[in-house]
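Undergrad: make a model of this:
(chains A and B)
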Amino acid sequence: MTDITSLTIAAARDALKKKTISARELADAHLSAMERARSLNAYVLETPDVARTMAARSDKRIAAGEAGPLEGIPIGVKDLFCTKDVRTTACSHILHNFVPAYESTVTAQLWRDGAVMLGKTNNDEFAMGSSNETSYFGPVTSPWHRKGSNTPLVPGGSSGGSAAAVAANLCLAATGTDTGGSIRQPAAFTGIAGLKPTYGRCSRWGIVAFASSLDQAGPFTRTVRDGAILLRSMAGHDPKDTTSVDRPVPDYEAAIGRSVKGMRIGIPKEYRVDGMAAEIEKLWEQGIAWLKAAGAEIVEISLPHTKYALPAYYIVAPAEASSNLARYDGVRYGLREPGRDIIGMYENTRARGFGKEVRRRVMIGTYVLSAGYYDAYYLRAQKVRTLIKRDFEEVFARGVQAILTPATPTAAFGIGEKGGVDPIEMYLNDVFTVTVNMAGLPGLAVPAGLSSEGLPLGLQLIGRPFDEETLFSLGEVIEQAAGRFAPETWW
Amino acid sequence: MNAHAKPSKLIKGADGDWEVVIGMEIHAQVTSRSKLFSGASTAFGGAPNSHVSLVDAAMPGMLPVINEECVRQAVRTGLGLKAAINLKSVFDRKNYFYPDLPQGYQISQYKSPIVGEGKVVVDLPDGESVTVGIERVHLEQDAGKLLHDQHPTMSYVDLNRSGVALMEIVSRPDLRSAEDAKAFVSKLRSILRYLGTCDGDMEKGSLRADVNVSVRRPGAPFGTRCEIKNVNSIRFIGQAIDYESRRQIETLEEGGTIEQETRLFDPNKGETRSMRSKEEAHDYRYFPDPDLLPLELTQDFVDELKKGLPELPDQKKARLIADMGLSAYDADVLVAERETADFFEAVARGRDPKIAANWVINELAGRLNREGHSIADSPVSAGQLGAILDLMGEGTISGKIAKDLFEIVWTEGGDPRAIVEQRGMKQVTDLGAIAAVVDGIVAANPDKAAQAKEKPAVLGWFVGQVMKSSGGKANPKAVNDLLKQKLGL
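TA: You can find the predicted model right below:
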């Protein structure tokens, strides 16, 4: 029998149901794999006791015929999700000792449906980063290597730990959050599926906030079908989050295998950016060909305000972050660095508690909201956001059902390679993904091929609001055509 | 408005008159069981940090959810202030750091408040009235409280108030004296209490005022204002304005200038002190709170609340004057507190309203004041007072005895009619019995009887003697008539 850590959720679900494996076995296999893979630094906290207790309960429920839809499925949880009695840090020094007394709505729903928590996965500090290098716990190393090279690569970010854990078989699935691409970019870099649902599809309650109007939780899985399975449990209205939307959660898995024949797929010309790698261009063409072959109608579309999305995003997101992170002040929980007075305490706590990138974004956010600059930066960025949203609305109004773009402008890069001197270099990673957050739309990254260096490359499908189902249908078409990608185990 | 500076309100300076201009921001705690964005209790006086939810403590990942009751209360308040209700309003974040502010921002309404322009008519003691414009009313969160006396070197934080809903009611600079300002706050408080949207308890901090004061020469443009923060009694509001306007006038007359600044009122010294200058003012970096959708109301929702509004002090006053024939003064006194008005109306039902008003204002309210009771815990109920008035009206007891009876009911309680019965307090109307007493007293005082012809005031002395001798129970009119007859007046 193959290593049970390489199963899909769908396959594990069947095996558990047939009792050919137990939840406990599945959890143990993953806990061992996690132990062997510690050099990847994908987990910042392993929770073997919790995992075994939950798995034992799952086995009981399976035996009793009371299995939930995710019964016994071992999952990694991004350390941005508050987990009751389990340390939750957002990978920041300022929350290094924080143990929530509450469970985030999304994880609570996963546990309700029988999932098993393996541990908390690494991420960029407060989800601010595109390479998982800003984590207080150090960078995550991608399970992927370039052909014939041992250069450690980034898994992408900010949900780098979740992506690496799924790609390296350290869990069957993981949760992520996506504010500007933090699920889709690491999914693309590690050859797995990653979905950012429509804003409001999943509750944000209990997720450490980065930028409230952009943050959305979503799944990392090795197949598109698994993503559909996980989303069904994660999604839903939550009265504790008034931005979550009260509409029924469909059976997303039913969308898998649904015909895409006659579907109109938009190809936005503005996404052919300068300096885009030839192989990304080629990948995109390949994706178009696959969808066409499946009967979809391909139409060129224009999203004219795309070029303003990245600068506008890097105003809106830091602005909200500067305010969201004000609560980390050393007064009630987390790190407190004494000072000569209250101001001194604030300054010391926040200077030592936040890393460089977080401090940079808090400063940018404070600046763009300050008197005299608000109109020029924040207000204008919000207007740009409205225009970006309108671009998509117009395209969808003309009958386009989804949009196909590359997920990232390049394949994964080496740890320490980018953004050291110029942070913009790092921000450019999000060029294809931020528009989706700005417009509040769903976006799915699907692995579509390997680069000449043997690294995964992904395509992105952008959907109409709350039409994740179409993305799953189309994503599976690409997945079927492209095949699946897994790294060689070297760790 | 410049042309209408009223001479009576001007302040005499060393070299001419000055006019003081006042605008107010009133922070009124919304009456609701739970906080503005969390389910935690708003009860006053709990042990520190006993009414704190995860949201109030700003734990990571917590989100605000608007409390609909607070929205209804704000709309009711707006309607009570005859103000425009904005069907769409927006919550903003006001960002600043302070240990009593767990989120690092206060959720407030900055550009789009829930209530727009309105007005309050303020009746002044001199019979004049001033219409004070209301610029806006918005909803916002209260902060927690720092306790500095619990530890030698540390301050403690109590978050019980953190997140409690406040309405900030902003007036136009339409007030021209400390008296105006005090009357305005009293009137506003009265309206809020009628509406039941704020208990108006200034001692508990349910109502606080930021007072903006500037001075100018009559007819001149507005001067530079200073804001006196957080004044928590009507008396202090008056004192703060008096002090601050004199300070500004003195500064200007000495050739100085007024700096725009925030000041604090020290009730012990009766003076205002600089807190921070304009340069030191915070940049609050307001922006719309992305955790909250814009607040959208339907006209039906507003109309429904409008239908449910109680009669407000102005309407009630007009009705007491028009329908009950009360004087404007009596009506004012009676409507100031809803409980007093309700008490009065219960007493006046089916009786002479003027007598009822007289008793409620003079006997009851006076006594309550002296003994520090509120009308709500009056020892004499409206029913008991009504019974006393009935006994008096039907001639069973005299006015004098009625006061004695009131005293008995106040201290001992009981049914007034039964007390009169049991204690033989009934008025003597038997003319024969009274005549006998009159005869005896006139016979015993021949000198006075002789004087009575020249000095009619002596009649009063005889009346007093007769009443005294009858234990106050003799019918005064009968006594008067018999005496006049006997003395040949």
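Undergrad: where exactly do the strands run in the stretch 301-450 of chain A?
TA: For the stretch 301-450 of chain A, the strands defined by DSSP state E, counting those that start in this stretch occupy A:402-406, A:443-450.
Undergrad: what's the most buried one of the ones you listed?
TA: Neighbour counts (mean count of other Cβ atoms under 10 Å in any protein chain shown) averaged over each of the strands of the stretch 301-450 of chain A peak at strand A:443-450, with a mean of 28. Heads up, the C-betas are built off the backbone N, CA and C, glycines and all.
Undergrad: what's that one packed up against?
TA: helix A:184-190, strand A:193-196, helix A:224-234, helix A:278-293, strand A:456-463, helix A:468-482 (3 or more Cβ pairs under 8 Å, 6 or more residues apart in numbering or on different chains; DSSP states H and E).
Undergrad: which among these is found nearest to chain B?
TA: helix A:224-234 (15.1 Å; Cβ to the nearest Cβ).
Undergrad: give me the mean pLDDT for the closest one.
TA: The pLDDT scores in helix A:224-234 average 98.
Undergrad: thinking again about what came up before, same list, the helices and strands packed on strand A:443-450, but as a markdown table with distance to chain B and mean neighbour count please.
TA: Formatted as a markdown table, the helices and strands packed on strand A:443-450 follow (distance: least, Cβ to the nearest Cβ, whole Å; neighbours: other Cβ atoms under 10 Å in any protein chain shown):
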| stretch | distance to chain B | mean neighbour count |
| --- | --- | --- |
| helix A:184-190 | 21 | 36 |
| strand A:193-196 | 17 | 34 |
| helix A:224-234 | 15 | 27 |
| helix A:278-293 | 33 | 17 |
| strand A:456-463 | 22 | 28 |
| helix A:468-482 | 22 | 24 |
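Undergrad: can I get the ones you listed in a markdown table with distance to residue A:16?
TA: A markdown table is the format used below for these (distance: least, Cβ to Cβ, whole Å):
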| stretch | distance to residue A:16 |
| --- | --- |
| helix A:184-190 | 25 |
| strand A:193-196 | 21 |
| helix A:224-234 | 13 |
| helix A:278-293 | 33 |
| strand A:456-463 | 29 |
| helix A:468-482 | 23 |
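Undergrad: buried ones in stretch A:231-248?
TA: Neighbour counts over stretch A:231-248 (16 or more other Cβ atoms under 10 Å in any protein chain shown) mark A:231-238, A:240-245 as buried.
Undergrad: typo on my end, it should be stretch B:469-488
TA: B:470, B:472-475, B:478-480, B:482-483, B:486-487.
Undergrad: and of these, the nearest to residue B:64?
TA: Distance to residue B:64 across the buried residues of stretch B:469-488 (Cβ to Cβ) is lowest for residue B:472, with 66.9 Å.
Undergrad: show me what contacts the residue lying closest to residue B:191 once chain neighbours are set aside?
TA: Setting aside the residues directly before and after it, residue B:191 is nearest to residue B:80 in space (Cβ to Cβ, 6 or more residues apart in numbering or on different chains), at 5.2 Å. Contacts for residue B:80 were tallied using Cβ atoms under 8 Å, 6 or more residues apart in numbering or on different chains; they are B:191-192, B:194-195, B:197, B:309, B:312.
Undergrad: which of those residues count as buried?
TA: Using 16+ other Cβ under 10 Å, the buried ones in these are B:191-192, B:194-195, B:197, B:312.
Undergrad: ok, back up a step: would you list the strands of the stretch 301-450 of chain A in a markdown table and tack on mean pLDDT?
TA: Below are those laid out as a markdown table (pLDDT from 0 to 100):
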| stretch | mean pLDDT |
| --- | --- |
| strand A:402-406 | 98 |
| strand A:443-450 | 98 |
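Undergrad: hmm, which two among the buried residues of stretch A:231-248 are most spread apart?
TA: Among those, A:232 and A:242 lie farthest apart (Cβ to Cβ), at 22.5 Å.
Undergrad: quick one: residue B:320 and residue B:336 touch, right?
TA: No - Residue B:320 is beyond contact range of residue B:336, at 11.9 Å (criterion: Cβ atoms under 8 Å).
Undergrad: more neighbours, these two?
TA: Neighbour count, other Cβ atoms under 10 Å in any protein chain shown: between residue B:320 and residue B:336, residue B:320 has more, with 24 against 17.
Undergrad: for the more buried one, helix, strand, or coil?
TA: When classified by DSSP: H, G, I helix; E, B strand; the rest coil, residue B:320 comes out as helix.
Undergrad: just the helices in the stretch 351-489 of chain B please.
TA: For the stretch 351-489 of chain B, the helices defined by DSSP state H, counting those that start in this stretch cover B:353-358, B:366-371, B:382-393, B:399-412, B:416-422, B:431-444, B:446-451, B:457-469, B:476-487.
Undergrad: I'd like those helices laid out as CSV, including distance to residue A:396 and mean pLDDT.
TA: What follows is these, written out as CSV (distance: least, Cβ to Cβ, whole Å; pLDDT from 0 to 100):
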stretch, distance to residue A:396, mean pLDDT
helix B:353-358, 70, 95
helix B:366-371, 70, 90
helix B:382-393, 68, 94
helix B:399-412, 77, 92
helix B:416-422, 80, 92
helix B:431-444, 101, 84
helix B:446-451, 108, 84
helix B:457-469, 96, 86
helix B:476-487, 92, 83
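Undergrad: need those helices in a markdown table (columns: distance to chain A).
TA: Output for the helices of the stretch 351-489 of chain B, formatted as a markdown table (distance: least, Cβ to the nearest Cβ, whole Å):
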| stretch | distance to chain A |
| --- | --- |
| helix B:353-358 | 51 |
| helix B:366-371 | 45 |
| helix B:382-393 | 45 |
| helix B:399-412 | 52 |
| helix B:416-422 | 56 |
| helix B:431-444 | 79 |
| helix B:446-451 | 83 |
| helix B:457-469 | 73 |
| helix B:476-487 | 71 |
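Undergrad: among these, which is nearest residue A:102?
TA: That would be helix B:366-371 among the helices of the stretch 351-489 of chain B, by Cβ to Cβ, at 49.8 Å.
Undergrad: buried stuff in the closest one?
TA: For helix B:366-371, by 16+ other Cβ under 10 Å, it's B:367-368.
Undergrad: okay, that helix in PDB with CA atoms only?
TA: What follows is helix B:366-371 as a C-alpha-only set of coordinates in PDB (Å, rounded to 0.1, in the frame of the first residue of the first chain):
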ATOM      1  CA  GLY B 366     -40.500  70.800  47.900                       C
ATOM      2  CA  ARG B 367     -40.600  68.100  50.500                       C
ATOM      3  CA  LEU B 368     -38.900  65.600  48.200                       C
ATOM      4  CA  ASN B 369     -36.100  68.000  47.500                       C
ATOM      5  CA  ARG B 370     -35.500  68.800  51.100                       C
ATOM      6  CA  GLU B 371     -35.300  65.200  52.000                       C
END
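Undergrad: was I right about residue B:359 contacting residue B:386?
TA: No - using Cβ under 8 Å, residue B:359 is not in contact with residue B:386, being 9.5 Å away.
Undergrad: which one of the two has more residues nearby?
TA: Between residue B:359 and residue B:386, counting by other Cβ under 10 Å, residue B:359 is the more crowded of the two (24 against 19).
Undergrad: and the more buried one, how far from residue B:333?
TA: 13 Å (Cβ to Cβ, to the nearest Å).
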